[in-house]
Structures are given as C-alpha cells and as structure tokens.
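In: Here you go, sequence then predicted model.
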Amino acid sequence: MLHLSDDQVRDLLPDPVRAVELMRETLLALADGAASVTPKSQVVHEEGGFANAMPAAWPERGLLGMKWVTLTPSNRDHGLPMIGGLMVLSGADGTTRATMDAAELTAQRTAAVTGASLALDDRPVTFFGTGVQARSHARVIEALGRGPLTVWGRRRDALDELAAWCARHTPDLELHLTTDRAGALAGTGVVISGLPIGLTGSELPRREIRSDVTLLPLDYASVAGAELSRTRTVVADDPVQFEALRVLKHGADYPLASGSTGDLLRTGRPEGLLVVQNIGSGLGDVVLADVVARAAGA
C-alpha cells in the first residue's frame, strides 16, 4: 500500500490557484448536499488539544476517505508541529488507494478554502498570526494576486521569521508586518485570523473594525467572538457540522449559521459585517488527497 510523507505530499499538491478552484467546487458541493459528510468526531488528548476523525464521500466523483487530524498545543514548547494527522484515501470499491501524512494537506486545504472565500470580498487583507497558516495563506494570496498582505503578530521575532520565509517562498507578495493591532486593522476589509484555538482575551471588539468587515476565522471564536458575531451574518462551510460543534467550540451564546459559504459564492456577499466560519470539512481533504494520489500513480 502506498504511503506518502508530508514532503512527498507537499511536492504533489496542486498549485495554489488550482487548489482554490477545487475548494470552490467543494464548498458548492457542500451547499448543494452533493457530498456525504458527517460532523467531526472528536476526542481530547491534552488540555487545549484534540483529535478529529473526518470522513467524507462524494459519490458522483467516486471519492471516499477519512482524515485523522490532531492538534497538540504542547508541541510548540518542543519545537514540533502543532497540527498533524493521517489521511486514508479509499477507492469507490472500498479498497485503500493510499495513506498520507496530513499536515501539509491540512495547511493547503485550509488556505485554499480561504482563497475560495476571498471571492466574496476584494478589499485589502489582514492576517492575524505568524504560524503555519500564515505561510500557507501567503502562498495562496500571492497566487491570487490579492496582495499587499498585512500580518499582525505579538512578537517581532516571529514576524521577522515569517518575513524571511516569504522572501524565499512568496517573493512577489508585498508584505506589511506589524505588532500594532489597531494599525493592522485600519482600512482593512478582510481579516483572516489564525491564532491558537481556544485563546482567550483576543476577541475583536466591535469598535476596532469596520462595520462591513469580512472575518474569516481559522481559530473558531478566538478572534470572532460571540458578541461580535451576533451583530450580523454568520455562515459556515458546512452549517450542519458547525451546529454540531457550535456549543463545544464557540460557546452556547454563539449565533447559528444562517447559511453556507457555498450559497454566498453563488448569490454574493450580504451587506454589513460577515463572519465566514469555514471550520474544516473532510471533503476538502479528500478532494486534495485524490489529486495527490493520482499524481503519485495511485
């Protein structure tokens, strides 16, 4: 049976523009009910850490698989990746086509879903955070020609590390780095937040942002908290899954999703503040894993 390491997956993943196109198709399939996806099944393995099982099928495309993804915050203290896991890709007949490490797959899927969602708003983009997702999002934003990108981080050394990485990997992306959160928000229309999940004290107050900002949180409610999100429209990549996780991940007072991201990709952005909670569907992972497996000959 074929197994692909993260390094191999990185080399075989589609280019960012193609990945965004595939994730747009995935978001539309989720909105249409064309796929079979269940809410994430979760276990907790350390304080603030968890592991999810994410099965998905897209029958008309013959796609079937499951991702087992882990989030281990304590890994940061040991210089290890915080996100890891394993992807199992099956054939339409149920046989196992391939397995692959899931860290690179997860990073690209998350950024590509954000990239597809950026079609809702063409204004300047600010990213909160300096970790893995800042890098994967920089690739997508450069590929889509959506720069300049403003990145806010707490630590200047982390921002400098990101700048050095981007100089090598996204040299055509105009990058603005700052530790001034208010300055990062000034004039921006889109805020992507990639802070640690479960972080408290980082929720954006209403007064600090434009009344019509688009928020794309990768960190559940760490930045787009309940008080802010109740002020206007909340959508999700998979509203059924969002509801299954809403109380656990966002809190009982967090508003329900009024529709799906895919719906808005067809109808357009509503007026006012918009929160797009793309919490991560296993279908996107299966779609990208299929591209990787085909490239590897499986």
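Out: Sure thing, it's come through. Numbers count the residues shown, from 1 in each chain.
In: and this protein, what are its domains?
Out: As given by automatic domain parsing, the domain ranges for the chain are 2-105+282-295, 110-277.
In: Tabulate these in a markdown table, adding columns for mean neighbour count and mean pLDDT.
Out: For glycine as for every other residue, the C-beta is placed from the backbone atoms N, C-alpha and C. Converted to a markdown table, the domains of the chain look like this (neighbours: other CB atoms under 10 Å; pLDDT from 0 to 100):
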| stretch | mean neighbour count | mean pLDDT |
| --- | --- | --- |
| domain 2-105+282-295 | 18 | 93 |
| domain 110-277 | 18 | 93 |
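In: Please look at D172 and I141 and confirm they touch.
Out: No: with contact defined as CB atoms under 8 Å, D172 does not reach I141; the gap is 10.6 Å.
In: Find residues that contact each of those two.
Out: G147 (CB atoms under 8 Å, 6 or more residues apart in numbering).
In: Now do the helices in the stretch 1-150 of the chain.
Out: For the stretch 1-150 of the chain, applying DSSP state H, counting those that start in this stretch gives helices covering 6-12, 16-32, 103-117, 132-143.
In: who are the neighbours in contact with the residue nearest the centre of the chain?
Out: By CA atoms, centre = their mean, the chain has its centre lying nearest to T110, at 2.9 Å. Each residue near T110 by CB under 8 Å, 6+ apart is listed here: 133, 136, 218, 278, 280.
In: Can you tell me how far it is from N52?
Out: The spacing between T110 and N52, counted by CB to CB, to the nearest Å, is 13 Å.
In: Likewise for G145?
Out: 33 Å.
In: Next, A257: secondary structure please.
Out: coil (DSSP: H, G, I helix; E, B strand; the rest coil).
In: Spit out the contact partners of it.
Out: 234-236, 239, 242-243, 277.
In: ok, the residues you listed vs G297, which is closest?
Out: For the contacts of A257, the residue nearest G297 by CB to CB is A236; the value is 35.7 Å.
In: Torsion angles phi and psi at that closest one?
Out: phi -140, psi 150 (degrees, to the nearest 10).
In: wait, doesn't it sit right on T261?
Out: Yes: contact criterion CB under 8 Å: A236 and T261 qualify, at 6.7 Å.
In: and for these two, which residues touch both?
Out: 276, 278.
In: quick check, nearest of the contacts of T110 to G33?
Out: Closest to G33, out of all of the contacts of T110 and judged by CB to CB, is N278, at 17.5 Å.
In: how about the strands of the stretch 151-298 of the chain, start to end?
Out: For the stretch 151-298 of the chain, the strands defined by DSSP state E, counting those that start in this stretch cover 175-178, 190-193, 214-217, 233-236, 259-260, 274-277.
In: Could you list every helix and strand in contact with the fourth one?
Out: This points to strand 233-236. Applying 3 or more CB pairs under 8 Å, 6 or more residues apart in numbering; DSSP states H and E, one finds that strand 233-236 makes contact with strand 259-260, helix 261-267, strand 274-277.
In: Would you tell me which of these gets closest to F128?
Out: The nearest among the helices and strands packed on strand 233-236, by CB to CB, is strand 274-277 at 14.1 Å.
In: For the closest one, list the C-alpha coordinates in PDB.
Out: Extracted as PDB, the C-alpha positions of strand 274-277 are listed here (Å, rounded to 0.1, in the frame of the first residue of the first chain):
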ATOM      1  CA  LEU A 274     -19.900  39.000   7.700                       C
ATOM      2  CA  VAL A 275     -18.300  36.100   9.600                       C
ATOM      3  CA  VAL A 276     -17.400  33.100   7.500                       C
ATOM      4  CA  GLN A 277     -16.800  30.100   9.800                       C
END
